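1. everything below, folded, please.
(one chain, ligands or ions: 1)
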Amino acid sequence: MSDRAPIVHAEVRRVALPLLKPFVTGFGVTDSRQTVLVHLRDEDGNEGWGEGPALDHPYYLPDTTASTYRTAVDYALPLALRARDLEPATVAAAMSGIKGNTFARAGVEEAFWSLRAAAERTTIKALMGGERDAVPVGESLSIAETIDETLAEVELRLGEGYQRIKLKIRPGWDVEPVRAVREAFGDDVFLQVDANAAYSLDDVEDLRRLDEYGLACIEQPLAWDALLEHAELQRALATPVCLDETLRSVDDVRRALDMDACRNVNLKPGRVGGLTASLQIAELCRGRGVPLWCGGMLESGIGRAGNLALCSVAGFTDPADMSPASVLFEWDLVDPTFEVEPDGTVPVPAATGLGFPVRRDRVERQTVHGTVVLGAGVARV
Ligand SMILES: [Mg+2]
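-> Next comes the predicted model:
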């Protein structure tokens, strides 16, 4: 037990976020967005916040908002509290018996990172040994109705300074939009595509047609569990394969790199079980010279705060998916939130603790379910 003030309150909330418009990807339409928040308070009044941003549905990965909430309430947060230590690595180890359920573990762990930062009057970035003050960001574009719509959005986002464009693709919406973007905006645009597992090895010839467009990578072309198949595909493609859904732990990343199943890594703290595992993956990729960048899960500013701090450490080479709340939501759960600077970067939060002030009133109002795991209060909201 450390000499820090003990945690006196711990709760998990399932919260509805006000999505501005549906997000269309290779696995379907995301038109409802709930997320899972973890809130801690210690005896001195310091607060910690974390977010486990699984999607509402099980079409991205098995984790859902509902399963993440349940696992956080029943297992992840109780195990973390039992460790009686604010050290995030200790907390991560305490939860390591939980198989999968990475978003639940990540949400709990982020709350401990931000509580520790608040208690020590420092930033998550400083706790991580981060170096960068600003993170270069790109934008991820939903599958559109028409090519013209896509071109208009690319023009808008490049005008706003975004340093990289990522197009969501699926069979029938791949080479055409890529070619159109290259023709309209040239070869210098940092361009990549994300298939969200919409292809199979039967599509190798179609995917090879993307090779001539100089893409930074093609993200998750095959199924989430198709590690061997991705290695086969990478052998057939000049475009680097990037894995997202397939990489759910440090060991998954190591295996994928050993097998040459990918040459580019998308890292989402929620998908790999938290920020501690994320730091280990950053070190691994840096050691092997593999391009690495932080993906997005339509998080609120609470999750983005941890992502931004993470991106300040060495190893992150490529622009992050870090759309500000103003692009995704009517408003954020933190206020002020962040915007993208004209140079296409987002400042790493310099305020202590989480780094952004949480709007407790909005969290309360948007809460669908809540459970107090430790402390006084109503057991269920
Ligand atoms: Mg992806």
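
2. how about low-confidence regions in the chain?
-> 1-3, 26, 377-381 (pLDDT under 70).

3. measure the residue of it found nearest the ion to Cys285 for me?
-> Nearest to the ion in the chain, going by CB to the ion, is Asp244, at a distance of 3.6 Å. From N, CA and C alone the C-beta is placed, and that goes for glycine too. Distance of Asp244 to Cys285, computed by CB to CB, to the nearest Å: 14 Å.

4. how about Pro6?
-> Where Cys285 is concerned, Pro6 sits at a distance of 37 Å (CB to CB).

5. swap in Leu86?
-> Distance from Leu86 to Cys285, by CB to CB: 28 Å.

6. more neighbours, these two?
-> Leu86 (25 against 21; other CB atoms under 10 Å).

7. how about that one: what's its closest non-neighbour residue?
-> Arg116 (4.4 Å; CB to CB, 6 or more residues apart in numbering).

8. for that neighbour, give me its contacts.
-> Arg4, Gly48, Leu86, Glu87, Pro88, Leu127 (CB atoms under 8 Å, 6 or more residues apart in numbering).

9. filter the residues you listed down to the ones close to the ion.
-> Checked against the ion using CB under 5 Å from the ion, those yield no neighbours at all.

10. can you lay out these as CSV showing secondary structure?
-> Below are those laid out as CSV (DSSP: H, G, I helix; E, B strand; the rest coil):
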residue, secondary structure
Arg4, coil
Gly48, strand
Leu86, coil
Glu87, coil
Pro88, helix
Leu127, helix
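
11. nearest to Arg304, of those?
-> Set against Arg304, the nearest of the contacts of Arg116 by CB to CB is Gly48 (15.8 Å).

12. the spatially closest residue to Tyr59 that is not a sequence neighbour: neighbouring residues, count only.
-> Spatial nearest neighbour of Tyr59, excluding adjacent residues (CB to CB, 6+ apart): Phe27 at 4.2 Å. Neighbours of Phe27 under the rule other CB under 10 Å: 19.

13. surely Phe27 is in contact with Ala198?
-> Yes: counting by CB atoms under 8 Å, Phe27 touches Ala198, with 7.2 Å between them.

14. so which bits of the protein are right by the ion?
-> Counting by CB under 5 Å from the ion, the chain sits next to the ion at Asp194, Glu219, Asp244.

15. what about 6 Å?
-> Within the chain, the positions near the ion by CB under 6 Å from the ion are Asp194, Asn196, Glu219, Gln220, Asp244, Asn266, Gly295.

16. now, which of those lie within strands?
-> Within these, residues falling in strands by DSSP state E are Asp194, Glu219, Asn266.

17. how about the residues of the chain next to the ion in a markdown table, adding neighbour count?
-> Putting those into a markdown table (neighbours: other CB atoms under 10 Å) gives the following:
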| residue | neighbour count |
| --- | --- |
| Asp194 | 25 |
| Asn196 | 21 |
| Glu219 | 27 |
| Gln220 | 27 |
| Asp244 | 21 |
| Asn266 | 27 |
| Gly295 | 21 |
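
18. of the residues you listed, closest to Arg182?
-> Looking across the residues of the chain next to the ion and measuring by CB to CB, the closest to Arg182 is Asp194, at 16.7 Å.

19. I figured that closest one hits Leu243, correct?
-> No: shown here, Asp194 and Leu243 do not form a contact pair, counting by CB under 8 Å, at 11.0 Å.

20. joint contacts of the two?
-> Joint contacts of Asp194 and Leu243 (CB under 8 Å, 6+ apart) are Glu219, Gln220.

21. check the gap between Glu155 and Glu229 for me.
-> 36 Å.

22. so which of the two has more stuff around it?
-> Using other CB under 10 Å as the criterion, Glu155 and Glu229 rank with Glu229 on top: 17 against 13.

23. before we move on, back to that, mind listing what the residue of the chain closest to the ion touches?
-> Applying CB under 8 Å, 6+ apart, the residues near Asp244 are Asp194, Asn196, Glu219, Gln220, Asn266, Lys268, Arg271, Gly295.

24. ok, and the closest non-adjacent residue to the first one?
-> Right, the one you point to is Asp194. Glu219 (3.9 Å).
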